[in-house]
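A.B. asks: could you look at this predicted model? Sequence included:
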Amino acid sequence: METTTAPVRVQRVAQSRLKEVDFSNLEFGKYISDHMAMVDFADGHWHEPLVVPYSNLSFSPAMLSLHYGQAIFEGMKAFRRKDGSIIVFRPKKHIARLNKSLDRMCMPEISEELFMTSLQSVLDVDRDWVPSGEGASLYIRPVVFATEARLGVKISDTFKFIILLCPVGPYQAKPYKLKVEDKFVRTAEGGTGFAKCAGNYGGAFYPSKIAREEGFDQILWTDAKEHKYIDEVGMMNVLFVLNNKLVTPQLNTAILDGVTRDSILTLARDMGYPVEERRVTVAEVEEGFRNGSLQEVFGAGTAAVVAPIALINIHGTNYEVPAVKPDSFQLKVKQQLHDMRMGTAPDKHQWNWTLPA
Ligand SMILES: *Cc1c(COP(=O)(O)O)cnc(C)c1O
């Protein structure tokens, strides 16, 4: 069935799959909503966005993104409030980062307007997919990839931009055991670590698999040159509470500029909590374990929000992180973020974008 809702053309599914979703058991990434937004880049510009049924697409096996990795993505969330309204958390910051990733990969910029029109249109059609359970949300996955069919190594002339939606439940993983990586690297300064480009994740599978075989959940990545400075944890930023200060590695080209990281640092400063963005050495973390000054370690990212860490293996020695307490910084800041999104605390930084009713 083809309907037209200016300005975006919407082709609706004949039958919604919403009834098949078990909202009491939302496994991350399992259910993709009925529709997706889709925009094509050709002849030097982005064309009109469309909303179409989520389905398989057909491509040439010579498509450049498959061979040379010209593909980037984003990850953000929409939340349903008690009054039924729907907000998206910090879309502008995600669009700015999407464009940094696109620029690094020689892919065409997507304007805030095109992005928001596409997002609003697909969210509007699939608004019933935004869950209302405590801690649940709708994960939004924009992806952009090269579609030109050509075996020669070149920058593609055509691209596709797609937005997928996926209802997710509250994050429940048990606290992670980490291994400080001193052999493999995720990325290096000057590389693509600050971009959310596909290759960064494929390249991390192998060292992560080895860490899992050794009994760890995630890797604590260190700098590529000396393995001396801490970069990130798995696919999240990492934060420490050391001597009653919030300490996190300062951004560089090997570290992803996380929206959750930025939100937590901003809220910490609002609370008057001392914040240090600087290089963090593996040695000082080890020293912090030994002298008791290390109080908390947690990962920060859109999927988990805050992921507590239980243990860090440093050069073969296991160190246990003190247990999370009700007054731990990570729980306070997580609650504040939650309250701001749900509208029960003031949104003083204008982070929420409301989907028109
Ligand atoms: C996405 C991502 C993060 C977290 O970023 P958020 O904007 O907070 O979701 C951190 N590190 C890496 C490598 C990532 O891909």
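C.D. replies: Now that the structure is in, tell me what you want to look at. Numbers count the residues shown, from 1 in each chain.

A.B. asks: so residue 83 sits in a strand?
C.D. replies: No - assigned with DSSP: H, G, I helix; E, B strand; the rest coil, residue 83 falls outside any strand and is coil.

A.B. asks: pLDDT at the closest residue to it other than its chain neighbours, what is it?
C.D. replies: Spatial nearest neighbour of residue 83, excluding adjacent residues (Cβ to Cβ, 6 or more residues apart in numbering): residue 343 at 7.7 Å. Every residue, glycine included, has its C-beta placed from N, CA and C. You'll see residue 343 listed with a pLDDT of 96.

A.B. asks: can you list the residues of the stretch 201-350 of the chain near the ligand?
C.D. replies: Residues of the stretch 201-350 of the chain lying close to the ligand (Cβ under 6 Å from any ligand atom) are 232, 235, 236, 237, 256, 258, 259, 260, 261, 300, 301, 302.

A.B. asks: before we move on, back to that, so what's the residue nearest to residue 83 up against?
C.D. replies: Contacts for residue 343 (Cβ atoms under 8 Å, 6 or more residues apart in numbering) come out as 81, 82, 83, 85, 87, 352.

A.B. asks: which of the residues of the stretch 201-350 of the chain next to the ligand fall in helices?
C.D. replies: 259, 260, 261 (DSSP state H).

A.B. asks: ok so, going back, for the residue nearest to residue 83, phi and psi?
C.D. replies: phi 80, psi 10 (degrees, to the nearest 10).

A.B. asks: ok so, going back, now the contacts of residue 343 in TSV, with pLDDT?
C.D. replies: Formatted as TSV, the contacts of residue 343 follow (pLDDT from 0 to 100):
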residue	pLDDT
81	97
82	96
83	96
85	97
87	98
352	98
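
A.B. asks: mind picking the two most distant members of these?
C.D. replies: The two members of the contacts of residue 343 with the most space between them (Cβ to Cβ) are 82 and 352, at 14.2 Å.

A.B. asks: okay, these two: which has more neighbours?
C.D. replies: For residue 82 and residue 352, the more surrounded residue by other Cβ atoms under 10 Å is residue 352, and the numbers stand at 19 against 9.

A.B. asks: tell me how many other residues surround the closest residue to that one other than its chain neighbours.
C.D. replies: Leaving out its chain neighbours, the residue that sits closest to residue 352 by Cβ to Cβ, 6+ apart is residue 87, at 4.2 Å. Other residues near residue 87 come to 21 when the count uses other Cβ under 10 Å.

A.B. asks: surely residue 87 and residue 354 touch.
C.D. replies: Yes - using Cβ atoms under 8 Å, residue 87 makes contact with residue 354 at a distance of 5.4 Å.

A.B. asks: pull the CA atoms of stretch 32-46 into CSV?
C.D. replies: Below are the C-alpha coordinates for stretch 32-46, written out as CSV (Å, rounded to 0.1, in the frame of the first residue of the first chain):
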residue,chain,number,x,y,z
ILE,A,32,13.8,-5.0,14.0
SER,A,33,10.7,-2.8,13.5
ASP,A,34,8.3,-3.0,10.6
HIS,A,35,9.8,0.0,8.6
MET,A,36,13.1,1.6,7.8
ALA,A,37,14.1,5.0,6.5
MET,A,38,16.1,4.8,3.3
VAL,A,39,18.0,7.6,1.4
ASP,A,40,20.1,7.2,-1.7
PHE,A,41,23.1,9.2,-2.7
ALA,A,42,23.7,9.4,-6.4
ASP,A,43,24.6,12.1,-9.0
GLY,A,44,26.5,14.0,-6.3
HIS,A,45,23.6,14.5,-3.9
TRP,A,46,21.3,12.8,-1.4
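
A.B. asks: buried residues in that stretch?
C.D. replies: Within stretch 32-46, the residues that count as buried by 16 or more other Cβ atoms under 10 Å are 32, 33, 34, 35, 36, 37, 38, 39, 40, 41, 46.

A.B. asks: which stretches of the stretch 1-150 of the chain form helices?
C.D. replies: Assigned by DSSP state H, counting those that start in this stretch, the helices in the stretch 1-150 of the chain fall at 64-68, 91-104, 112-125.

A.B. asks: can you name the residue of the stretch 1-150 of the chain nearest to the ligand?
C.D. replies: Going by Cβ to the nearest ligand atom, the ligand is nearest to residue 75 of the stretch 1-150 of the chain, at 5.3 Å.

A.B. asks: for that residue, list the residues it contacts.
C.D. replies: Counting by Cβ under 8 Å, 6+ apart, the residues that residue 75 touches are 139, 140, 141, 196, 301, 302, 303.
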